[in-house]
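Asks: Next input, structure requested:
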Amino acid sequence: MVGGGEGAFIGVVHRMAAALDGQIELVCGAFSSQPEKSKRSGAALYLPAERVYGSFEEMILKEKELPEGERMDFISIVTPNHVHFPPAKLALEHGFHVVCDKPLAFSLAEAKELRDLVNQTGLLFALTHNYTGYPMVKQARQMIRNGELGKIRKVVVEYPQGWLSTKLEDSDQKQAAWRTDPKRSGIAGSMGDIGTHAENLAEYITGLQIAEMCADISTIVEGRLLDDDGNVLLRFDNGARGILHASQIAAGEENNLSIRVYGEKGGLEWHQQAPNTLIVKSLDRSMQVIRTGVGVLSDSAQAHTRLPAGHPEGYLEAFANIYRNFAHALRKRLNGEEPNETDMDFPSVEDGVRGMAFIEHVIASGKSEKKWTKFSV
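Replies: Just a heads-up that it's a prediction; the model follows:
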């Protein structure tokens with residue numbers, strides 16, 4: 001693991017998700033850019049002192065020297081955005097597979113360089129857009145693939161939060177500090193942090209890609225350096241229209257990611273805060289409520305369902321689905337076998353490139369006087 005030491009939030013989540021199925025063991029780490037802090041963090045995780053490193057460079061180079069079967073198999077990067085690219089690049093160059101928190105990199109240019117490296121090396125690369133791991137998200141995706149909604153016409157996706165309604169970054173809140181800092185977060189605030197989740201979810205469920213956008217990007221809290229609210233009109237590559245809204249100043253909201261998709265025959269609706277439920281609507285029959293673990297689900301939804309009906313499956317289980325699939329794919333690769341479609345069902349480096357392109361295009365559109373900005377990668 002790179003990052004995720006004392007005081008970190010997402011590193012703890014990654015460790016719990018990776019460990020949930022007993023397929024992945026944390027064997028080493030560079031948990032902080034401060035060597036002493038990294039050492040303390042490793043000791044708290046009961047790692048042997050010789051496998052706790054003062055930098056990711058030291059970790060990758062020393063692990064590479066260990067015999068095959070004793071060295072780490074992959075790295076998990078859980079740092080702020082500006083420290084995604086260097087360890088990912090170095091790991092790929094030295095033959096290590098990579099799991100990386102989103103967004104993929106600090107800039108689109110860095111993202112494209114990582115994509116080129118993945119293509120050149122053939123190594124596995126997973127991006128933890130964890131919301132794709134929910135069983136009902138898989139169910140929605142498969143229903144659209146099967147044509148049950150007909151041609152998709154309209155996509156409405158939103159991700160409101162309220163935690164940055166005040167200038168929290170002026171306090172000692174570590175998460176607020178780096179997420180609102182252009183030097184560590186990049187050119188976008190809310191659009192990079194949660195807007196990319198909305199973009200990825202819309203493309204994952206529908207199978208469509210954004211072709212054009214028209215964005216209104218705002219910084220509402222006075223003195224903040226990055227955007228904290230945005231509204232985007234979308235046009236998809238099949239002609240469908242869409243709306244994407246992401247805000248971190250929606251006071252009282254928690255993590256209210258939701259999506260509605262409408263086709264010629266009907267629509268569907270999913271809410272992250274009630275993740276076991278998928279609502280399906282039709283032109284000619286009553287609304288249907290599909291529940292995780294109940295009745296006949298798609299193979300993809302069933303493969304990612306962990307608990308009997310009525311037991312809530314949530315954030316950690318969805319996150320763990322990404323790690324489990326990655327572990328299955330890696331195990332097969334190490335054994336000289338070819339992973340199947342379910343094994344490879346996790347966001348890829350290509351999704352990461354599209355996420356970085358979304359960030360750059362949405363900020364450019366928000367600044368432009370033109371009505372529409374073409375989306376290109």
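Asks: use CA for all of it now, contacts and neighbours both
Replies: OK.
Asks: can you count the residues close to residue 46?
Replies: Using other Cα atoms under 10 Å, the number of residues around residue 46 comes to 10.
Asks: What segments of the stretch 151-300 of the chain are strands?
Replies: With DSSP state E, counting those that start in this stretch as the criterion, the stretch 151-300 of the chain has strands at 152-160, 210-218, 229-236, 241-247, 258-263, 266-271, 277-282, 288-291.
Asks: Show me how far the first one is from its chain's centre.
Replies: Distance of strand 152-160 from the chain centroid (Cα atoms, centre = their mean, to the nearest Å) equals 17 Å.
Asks: So what's the predicted local confidence for the residue nearest to residue 202 when sequence neighbours are not counted?
Replies: Spatial nearest neighbour of residue 202, excluding adjacent residues (Cα to Cα, 6 or more residues apart in numbering): residue 157 at 6.7 Å. We have a pLDDT of 98 for residue 157.
Asks: now the strands of the stretch 151-300 of the chain in a markdown table, with mean neighbour count?
Replies: Below are these laid out as a markdown table (neighbours: other Cα atoms under 10 Å):
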| stretch | mean neighbour count |
| --- | --- |
| strand 152-160 | 22 |
| strand 210-218 | 21 |
| strand 229-236 | 22 |
| strand 241-247 | 23 |
| strand 258-263 | 21 |
| strand 266-271 | 21 |
| strand 277-282 | 19 |
| strand 288-291 | 15 |
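Asks: Format those as CSV; extra columns: distance to residue 203.
Replies: Formatted as CSV, these follow (distance: least, Cα to Cα, whole Å):
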stretch, distance to residue 203
strand 152-160, 10
strand 210-218, 8
strand 229-236, 9
strand 241-247, 11
strand 258-263, 11
strand 266-271, 14
strand 277-282, 17
strand 288-291, 21
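Asks: Can you report how many residues lie near residue 67?
Replies: For residue 67, using other Cα under 10 Å, the count is 9.
Asks: Now do it against residue 54, distance only.
Replies: To residue 54, residue 67 is 21 Å away according to Cα to Cα, to the nearest Å.
Asks: now swap in residue 153 and tell me
Replies: Distance from residue 153 to residue 54, by Cα to Cα: 52 Å.
Asks: follow-up on the earlier one: touching, the residue nearest to residue 202 and residue 243? I think so.
Replies: Yes - with contact defined as Cα atoms under 8 Å, residue 157 counts as touching residue 243 (6.3 Å).
Asks: give the contact list for residue 110.
Replies: Applying Cα atoms under 8 Å, 6 or more residues apart in numbering, we find residue 110 in contact with residue 85.
Asks: residues in contact with the residue nearest to residue 202?
Replies: Counted by Cα under 8 Å, 6+ apart, residue 157 has contacts 198, 199, 202, 242, 243, 244, 245, 257, 258, 259, 260.
Asks: Switch those residues over to CSV; also include distance to residue 27 and pLDDT.
Replies: Shown next, in CSV, are these (distance: Cα to Cα, whole Å; pLDDT from 0 to 100):
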residue, distance to residue 27, pLDDT
198, 33, 98
199, 34, 98
202, 35, 98
242, 44, 98
243, 43, 98
244, 40, 98
245, 40, 98
257, 34, 98
258, 36, 98
259, 38, 98
260, 41, 98
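Asks: Out of those residues, which is nearest to residue 178?
Replies: Using Cα to Cα, residue 198 comes nearest to residue 178 of the contacts of residue 157, at 20.8 Å.
Asks: how near is the closest one to residue 171?
Replies: 28 Å.
Asks: When those two are compared, which one has more neighbours?
Replies: More neighbours surround residue 198 than the other of residue 198 and residue 171, with 25 against 9 (other Cα under 10 Å).
Asks: so that one touches residue 244, yeah?
Replies: Yes - with contacts counted by Cα under 8 Å, residue 198 reaches residue 244, the gap being 7.1 Å.
Asks: Return every residue with contacts to both of these two.
Replies: What both residue 198 and residue 244 touch, as defined by Cα under 8 Å, 6+ apart, is the set 157, 158.
Asks: Verify the contact between residue 158 and residue 259 for me.
Replies: Yes - the pair residue 158 and residue 259 passes the contact test of Cα under 8 Å, sitting 6.5 Å apart.
Asks: Report the contact partners of the spatially most central residue of the chain.
Replies: Geometric centre of the chain, nearest residue: residue 129, 1.7 Å, by Cα atoms, centre = their mean. Residue 129 is in contact with 101, 102, 197, 200, 347, counting by Cα under 8 Å, 6+ apart.
Asks: All set now, cheers.
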